[in-house]
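> give me a model of this one.
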Amino acid sequence: MNDPRKRTPLKLCGILLPAILAMLSGCASQPLASFQAFTPEDLNPKVKSGEYKQKVDNFLVILDASGSMDDIYFGAGFPETSSADKFNIEKELLSRVNKTIPALKLNSGLRTFGFGPCLGWSFTRLNAPLAAYSPTSFQSALDSQECSSGGSPMADALNAAAGDLQTAQGKTAIILVSDGKQTTGDPHKAVEQLKQQYGDRLCLHTVWVGNPGEPGQTLMGSLPSIAGCGTSSSAGEVASRAGAADFVTKVFLKPGVVDDCSIRDSDGDGVNDCNDQCPDSPRGAKVNRKGCWVLNNVLFDTDKATIKPVSYPELDDAARVFEVNPGLRVEVDGHTDSRASEAHNLDLSQRRAEAVRDYFIRHGVAPNRLTAQGFGESRPVADNDTDEGRALNRRVELKVIK
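Numbers count the residues shown, from 1 in each chain. Just a heads-up that it's a prediction; the model follows:
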């Protein structure tokens with residue numbers, strides 16, 4: 001008969017040896033964590049309006065797939081899960097960033113570092129070479145990273161990135177995501193060499209995915225300063241909707257020049273440039289809804305050019321505009337409604353324009369800063385068939401002479 005005591009060790013070896021080998025190799029896939037659904041902030045309107053514009057042409061993500069990323073994450077930003085390891089946290093972060101990137105013409109790539117079968121027994125692996133970016137293709141490359149193992153040869157990945165970017169045109173952002181722990185080689189020197197090779201074309205952005213009190217945060221925070229361009233963030237800062245949008249803005253965008261006339265007011269008169277028919281109104285001038293310096297309350301007796309005293313306060317306010325704008329020169333334009341003949345209205349408007357000019361001169365405005373011109377009924381701003389319209393057409397406008 002077989003002795004069961006001799007058989008037991010063989011059974012134990014048969015059970016334990018594969019498990020031990022799996023632990024040593026790190027070949028087991030990390031279980032997926034349960035994260036809340038993420039709704040990204042839409043940055044496309046800000047890009048379309050010109051508030052922001054694209055500042056990079058390429059981005060390469062360097063992802064930490066070393067053994068320390070198997071540790072449970074206890075940092076901020078993910079209250080919905082208490083059992084996610086750091087590897088799943090960094091993948092979720094990058095997924096949220098990917099969903100937030102607006103519609104830009106970019107190239108993207110993905111490289112990992114660690115050791116073991118997860119990386120094909122290499123210290124670093126180019127999982128997705130630099131190619132035309134799409135959210136779907138980048139997410140697919142990210143999802144294909146199923147495990148982490150081995151040491152942390154961050155410097156090897158940074159050195160390899162120099163070759164990944166050789167064909168890249170324009171400006172590039174490297175996004176390094178790691179806990180910064182137990183790194184081998186010299187990441188600082190690797191960043192220095194990248195900077196020497198690519199100069200101002202390269203920026204480095206780090207995201208620290210670590211736990212409170214872990215030493216890797218210092219390393220991750222120091223690398224962008226060596227690159228001379230970039231940012232350092234923590235997972236907790238990037239995790240939220242607003243945090244992801246802020247990160248994407250810093251990495252991919254820069255303030256643009258807004259060229260939207262509906263929100264631009266070049267002369268500061270309170271009327272936007274889309275509706276401003278007089279876009280050079282002087283400082284302090286009171287304008288109408290079309291942005292023109294109009295003296296609607298300068299009144300005259302019927303068919304006369306004598307200014308009524310009730311109009312003096314408005315004329316005095318207009319005279320003060322000349323004081324605060326020393327180089328200002330103005331043409332005083334007179335207008336009438338359509339009652340009476342065209343010739344009569346032309347003469348009347350000229351006399352009224354000259355009356356206003358004379359008033360300004362009497363109140364200290366130099367004569368060489370003023371001219372007068374009558375236009376009669378030829379330039380109505382309202383309907384002459386109504387009392388309200390005719391009242392608007394009987395006006396004096398002050399037009400800036402350039």
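> where does Leu60 sit: helix, strand or coil?
strand (DSSP: H, G, I helix; E, B strand; the rest coil).
> that one reaches Asp164, doesn't it?
Yes. Leu60 is within contact range of Asp164, at 5.9 Å (criterion: Cβ atoms under 8 Å). Every C-beta, even on glycine, is put in place using the N, C-alpha and C of the backbone.
> which neighbours do the two share?
With contacts taken as Cβ atoms under 8 Å, 6 or more residues apart in numbering, the residues that reach both Leu60 and Asp164 are 109, 111, 130.
> which one of those residues is nearest to Ser341?
Nearest to Ser341 among these: Leu130, at 78.1 Å, using Cβ to Cβ.
> Phe59 versus that closest one, what's the distance?
According to Cβ to Cβ, to the nearest Å, Leu130 stands 9 Å off from Phe59.
> so the two - more neighbours on which side?
With other Cβ atoms under 10 Å as the criterion, Leu130 and Phe59 differ in neighbour count, and Phe59 comes out ahead with 26 against 21.
> who does that one bridge with?
In this entry, Phe59 is beta-bridged to Ser108, Ala173, by DSSP bridges.
> quick one on the thing from earlier: Leu60 and Asp164: which has the busier surroundings?
Neighbours per residue (other Cβ under 10 Å) separate Leu60 from Asp164, with Leu60 holding more: 24 against 21.
> which residues does that one contact?
Taking Cβ under 8 Å, 6+ apart, one finds 108-111, 130, 161, 164-165, 172-175 in contact with Leu60.
> tell me the one of the residues you listed nearest Asn297?
Using Cβ to Cβ, Ala173 comes nearest to Asn297 of those, at 59.6 Å.
> looks like that closest one contacts Arg201 (just checking).
No. The pair Ala173 / Arg201 is not scored as a contact, 10.2 Å apart, by Cβ under 8 Å.
> related to what we said a few turns ago, ok, the contacts of Leu60 vs Lys250, which is closest?
Using Cβ to Cβ, the contacts of Leu60 come closest to Lys250 at Ala173, 9.5 Å.
> the closest one: neighbour count?
23.
> residue contacts, it?
Going by Cβ under 8 Å, 6+ apart, Ala173 touches 56, 58-60, 202-205, 230, 251-252.
> tabulate these in a markdown table, adding columns for secondary structure.
Formatted as a markdown table, the contacts of Ala173 follow (three-state DSSP):
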| residue | secondary structure |
| --- | --- |
| Val56 | coil |
| Asn58 | strand |
| Phe59 | strand |
| Leu60 | strand |
| Leu202 | strand |
| Cys203 | strand |
| Leu204 | strand |
| His205 | strand |
| Gly230 | strand |
| Val251 | helix |
| Phe252 | helix |
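> could you dump those into JSON lines with pLDDT added?
Formatted as JSON lines, these follow (pLDDT from 0 to 100):
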{"residue": "Val56", "pLDDT": "96"}
{"residue": "Asn58", "pLDDT": "97"}
{"residue": "Phe59", "pLDDT": "98"}
{"residue": "Leu60", "pLDDT": "98"}
{"residue": "Leu202", "pLDDT": "96"}
{"residue": "Cys203", "pLDDT": "96"}
{"residue": "Leu204", "pLDDT": "97"}
{"residue": "His205", "pLDDT": "97"}
{"residue": "Gly230", "pLDDT": "94"}
{"residue": "Val251", "pLDDT": "97"}
{"residue": "Phe252", "pLDDT": "97"}
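> buried ones among those residues?
The neighbour count (16 or more other Cβ atoms under 10 Å) marks 56, 58-60, 202-205, 230, 251-252 as buried among the contacts of Ala173.
> give me the pLDDT for the residue nearest to Cys203 when sequence neighbours are not counted.
Using Cβ to Cβ, 6 or more residues apart in numbering and skipping the chain neighbours, the partner closest in space to Cys203 is Cys229 (3.9 Å). What the model reports as pLDDT for Cys229 is 93.
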